[in-house]
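>>> sequence below, structure please.
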Amino acid sequence: MFGITTIVALALAIGQQAFAAPVTDFPLEARQGYSPNCTATYTVVPGDRCIDIIAKLGSTFTLAQFYEWNPQVNSYCTNLYPGQQVCVAIAQTPPPPPACDAPVAGGMVSNCAKCYKVVEGDYCLLVAGKNGISLGDFYAWNPSVDATCSNLQLGYNYCVGV
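Numbering: from 1, shown residues only. Predicted structure coming up:
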């Protein structure tokens, strides 16, 4: 009986050593794999859960954001280890300013850089000419405009440059 107990204890000790979370062999950030856009990290302390980390930082982000920024954290948040670095903020890329004021024509290309607001008397060829572009480009950049230009809307902005 003593021999079996010793073998089991020895096996447990070896198993714990083999499966212990490494803290000095390599950076935990690399093991964790958080977002490359990360601008701030938090070092996990014993007992931390994902919601605790969010609360400690003033609830400035959501649990969904935490999981998005830290894809290696499982959905039960049971694989956090003391000393581990987790991402708690990412660089926010502001959306580019819209090229056109509202209202805009539907279906306009997303890379539009210049717009023109249709006024009384405008038609597609005239709009293209006023803006130094081909009629083909005007149609390509404004796919909601039909081939006869019969649905050009007064007061709406259309793309005239990319």
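
>>> ok, the residue nearest in space to the middle of the chain - contacts?
What sits nearest the mean C-alpha location of the chain, by CA atoms, centre = their mean, is Glu68, with 8.2 Å. Glu68 makes contacts with Ser35, as judged by CB atoms under 8 Å, 6 or more residues apart in numbering. From N, CA and C alone the C-beta is placed, and that goes for glycine too.

>>> how does it look with 10 Å?
By CB atoms under 10 Å, 6 or more residues apart in numbering, the residues touching Glu68 are Tyr34, Ser35, Phe61, Thr62, Cys87, Ile90.

>>> count of residues packed around the closest residue to Val104 other than its chain neighbours?
Distances taken as CB to CB, 6 or more residues apart in numbering place Asn157 nearest to Val104, at 4.8 Å, with adjacent residues excluded. Burial of Asn157 is recorded as 22 neighbouring residues (other CB atoms under 10 Å).

>>> right, and Asn157 touches Cys115 too?
Yes: Asn157 is within contact range of Cys115, at 4.2 Å (criterion: CB atoms under 10 Å).

>>> which residues are common contacts for the two?
With CB under 10 Å, 6+ apart as the test, Asn157 and Cys115 both reach Pro98, Ala99, Cys100, Asp101, Val104, Ala105, Met108.
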